[in-house]
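Participant: just coords:
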Ligand code: DQA
């Protein structure tokens with residue numbers, strides 16, 4: 001299988017941005033650990049970060065055509081605002097897992113609502129960067145069972 005990991009705005013600052021909330025691991029650390037796990041299981045993993053809503057949408061569109069079977073997405077702040085990312089994900093036929101590093105439900109009320117959750121097959125929040133690993137494990141298990 002082939003999985004795409006999408007990271008939304010400000011996640012390029014991971015490791016230096018509010019480390020009390022998001023931890024000290026960098027986005028490269030996260031992606032490298034994910035790729036390592038995926039490869040061990042015989043999966044291909046591509047990752048992409050953007051601070052621009054349209055670039056994330058373009059990446060979701062590309063995933064419809066390049067054999068990507070699943071998307072793990074942390075839409076970051078677009079989680080709470082983007083009908084356009086929801087619509088793009090609705091046009092993608094594979095599995096979608098939504099990941100938040102922090103426990104969004106424990107934070108400001110504007111973080112409690114997610115447009116992406118209307119589409120996501122699973123949602124993980126508050127496990128730190130381990131949440132991405134949990135999503136990948138679940139996704140590979142589900143696909144290998146199918
Ligand atoms: C986040 C939570 C969002 O509310 C926030 O805007 C982010 C990161 C998380 O991973 O915890 O940028 O998606």
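Facilitator: Yep, it's here. Remember, predicted model here, so these are calculated numbers, not experimental data.

Participant: all contacts plus neighbour counts: C-alpha atoms, from now on.
Facilitator: Noted.

Participant: Give me the below-cutoff pLDDT ranges for the protein.
Facilitator: Residue ranges of the chain with pLDDT under 70: none are present.

Participant: can you give me the helices for it?
Facilitator: 19-22, 27-40, 53-65, 83-90, 130-145 (DSSP state H).

Participant: Which stretch among these approaches residue 46 most closely?
Facilitator: Counting by CA to CA, residue 46 lies closest to helix 27-40 out of the helices of the chain; the figure is 7.7 Å.

Participant: Now do that closest one and helix 130-145, the angle between them.
Facilitator: Helix 27-40 and helix 130-145 are oriented at 20 degrees to each other (axes from the mean of the first three to the mean of the last three CA atoms, to 10 degrees).

Participant: Helix 27-40 and the ligand in contact?
Facilitator: No - contact check for helix 27-40 against the ligand, using CA under 6 Å from any ligand atom: none in range, with a minimum separation of 11.4 Å.

Participant: buried sites along that helix?
Facilitator: Burial within helix 27-40, assessed by neighbour count using 16 or more other CA atoms under 10 Å, is assigned to 27, 31, 34-35, 37-38.

Participant: Next: stretch 79-88.
Facilitator: The neighbour-count criterion (16+ other CA under 10 Å) identifies 79-81, 84-86, 88 as the buried residues of stretch 79-88.

Participant: I'd like to check what contacts it. Which residues are they?
Facilitator: 53, 56-57, 60-61, 78, 110-116, 118-119 (CA atoms under 8 Å, 6 or more residues apart in numbering).

Participant: quick one: which of these is nearest to the ligand?
Facilitator: The nearest member of the contacts of stretch 79-88 to the ligand, counting by CA to the nearest ligand atom, is residue 111 at 5.0 Å.
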